[in-house]
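Student: coords below, sequence missing:
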């Protein structure tokens with residue numbers, strides 16, 4: 001809608017700019033030829049210093065990083081000119097893909113693991129030669145097994161290893177993964193592209209295998225998607241905020257975007273009100289809400305809303321986003337995940353959900369527990385298998401629930417008996 005008032009000349013410039021940026025991965029760094037049937041556009045692109053207005057100048061600045069030659073081509077000889085006038089058939093997108101690209105997408109989608117079950121771990125453990133040697137070493141059936149090179153990494157932790165239901169465990173809560181599943185487990189932990197440290201933290205909460213750190217670092221460093229979107233510059237660390245006393249004591253908020261799928265349509269108070277109400281009704285009202293000074297956080301309606309909810313509003317230093325570091329850091333992580341969705345095949349919404357699962361199940365760098373565990377007091381069920389321990393709090397809840405149900409059952413039986421007596425006396 002914002003481009004409806006563009007002149008025909010500006011739309012031609014916009015078409016050239018958009019097409020070049022759309023194929024950035026193929027055009028950047030190499031010289032190419034751009035064909036156009038608009039002579040004024042050709043003259044402007046050949047001499048970018050004579051832009052007629054600021055809008056055209058901004059469009060020209062977007063193509064400055066590219067090296068290309070522009071040539072004139074008559075409209076009757078330009079295939080794209082025909083496409084702008086001829087209606088398209090109702091053909092799905094996959095039917096228009098190149099067969100080679102379809103095959104590549106098929107290989108990528110089928111090579112990615114979906115999840116790993118405990119049954120798979122049991123089957124691969126029985127097949128694994130190293131796991132069978134480890135079992136013999138723990139049982140003491142053979143002498144000198146601990147001297148075998150494949151078993152030496154387990155020697156240091158042999159007091160922590162147990163064997164239950166066909167699976168080796170370390171400290172009774174971390175599954176020892178056989179070699180055939182190690183790469184798949186790392187791949188699953190790295191689904192959200194959270195980086196080396198977070199990926200290792202996700203793995204350490206549930207699994208263990210020799211050289212876990214080394215293999216994880218090598219896998220993440222060779223991840224083409226991460227290398228394409230990760231920024232190389234390093235910044236000085238910001239001053240840490242005090243750790244809250246309990247979950248959702250303080251909430252930091254910020255805007256990020258624009259994205260193709262938006263949580264809110266604008267930055268107005270009326271747009272974010274349902275989102276905030278949904279969060280607060282699910283997790284309770286925080287004591288403090290921290291934000292920047294932009295709209296709608298500086299509006300009278302937003303201030304009135306926080307006053308009605310009993311929430312203290314803290315604003316950061318103007319024009320210094322580092323002061324809201326927690327929210328800004330999550331926005332940076334989220335943007336990286338969104339950039340990864342453009343380089344990986346698959347549904348956009350599904351990739352976002354994968355990122356959220358990975359982020360919420362990854363231990364925090366400061367607290368050493370995941371956001372999910374901090375709120376719900378248990379580890380999240382995700383793509384990686386885990387051994388769940390009995391919780392004493394859950395046991396007390398079960399006992400209380402059982403007593404309540406027994407009490408209700410006795411009450412219902414008493415009511416039924418009284419009704420039966422009244423019915424018999426009436427008859």
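Tutor: Yep, it's here. Source: prediction; values computed, not measured.

Student: for the residue sitting nearest the centre point of the chain, which residues are in contact?
Tutor: Nearest to the geometric centre of the chain sits residue 355, at 1.2 Å (Cα atoms, centre = their mean). With contact taken as Cβ atoms under 8 Å, 6 or more residues apart in numbering, residue 355 is in contact with 191, 192, 193, 334, 337. Heads up, the C-betas are built off the backbone N, CA and C, glycines and all.

Student: in TSV, list those along with secondary structure, distance to residue 60 and neighbour count.
Tutor: Supplementary listing: these in TSV, determined by DSSP: H, G, I helix; E, B strand; the rest coil; distance: Cβ to Cβ, whole Å; neighbours: other Cβ atoms under 10 Å:
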residue	secondary structure	distance to residue 60	neighbour count
191	coil	40	22
192	coil	38	26
193	coil	34	25
334	helix	31	17
337	helix	32	21
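
Student: how much space between residue 120 and residue 181?
Tutor: 7 Å (Cβ to Cβ, to the nearest Å).

Student: in the host helix or strand of residue 402, what's buried?
Tutor: Element membership for residue 402, per DSSP states H and E: helix 392-426. Residues of helix 392-426 include none that count as buried (16 or more other Cβ atoms under 10 Å).

Student: from what I can see residue 228 touches residue 343, true?
Tutor: Yes. Counting by Cβ atoms under 8 Å, residue 228 does reach residue 343; the two are 5.8 Å apart.

Student: so where is the stretch 151-300 of the chain shaky, pLDDT-wise?
Tutor: For the stretch 151-300 of the chain, the stretches with pLDDT under 70 are 231-241, 256-265.

Student: show me the strands in the stretch 101-250 of the chain, by range?
Tutor: For the stretch 101-250 of the chain, the strands defined by DSSP state E, counting those that start in this stretch cover 161-164, 167-170, 174-176, 207-208, 250-252.

Student: right, and these - which one's nearest residue 292?
Tutor: Closest to residue 292 of the strands of the stretch 101-250 of the chain is strand 250-252 (Cβ to Cβ; 9.9 Å).

Student: packing partners of the closest one?
Tutor: Secondary-structure packing of strand 250-252 (3 or more Cβ pairs under 8 Å, 6 or more residues apart in numbering; DSSP states H and E): strand 288-291.

Student: immediately after the strand it packs on, which helix or strand?
Tutor: helix 300-309.

Student: name the residues that touch that next one?
Tutor: By Cβ under 8 Å, 6+ apart, helix 300-309 touches 269, 270, 273, 276, 280, 285, 289, 296, 312, 313.

Student: what residues sit buried inside the host helix or strand of the last one?
Tutor: Think residue 313. Residue 313 is part of strand 312-315 when elements are defined by DSSP H and E. Neighbour counts over strand 312-315 (16+ other Cβ under 10 Å) mark no residue as buried.

Student: for the stretch 1-150 of the chain, which segments count as helices?
Tutor: 8-22, 24-27, 39-46, 54-62, 79-83, 99-111, 118-127, 129-139 (DSSP state H, counting those that start in this stretch).

Student: neighbour count: residue 120 and residue 181, which is higher?
Tutor: Under the criterion of other Cβ atoms under 10 Å, the comparison of residue 120 against residue 181 puts residue 181 first, with 22 against 16.

Student: in this structure that one contacts residue 121, no?
Tutor: Yes. Judged on Cβ under 8 Å, residue 181 makes contact with residue 121 at a distance of 6.7 Å.

Student: just to revisit the earlier point, surely the residue nearest to the centre of the chain is in a helix?
Tutor: Yes. Counting by DSSP: H, G, I helix; E, B strand; the rest coil, residue 355 falls inside a helix.

Student: separation between it and residue 402?
Tutor: Taken as Cβ to Cβ, the span from residue 355 to residue 402 is 40 Å.

Student: can you check the pLDDT for residue 319?
Tutor: The model reports residue 319 with a pLDDT of 67.

Student: actually residue 128, not the one I wrote
Tutor: pLDDT at residue 128 comes out at 91.

Student: tell me, how many residues neighbour it?
Tutor: Applying other Cβ under 10 Å, I find that residue 128 has 19 neighbouring residues.

Student: my guess is it contacts residue 182, does it?
Tutor: No. Using Cβ under 8 Å, residue 128 is not in contact with residue 182; the gap is 10.4 Å.
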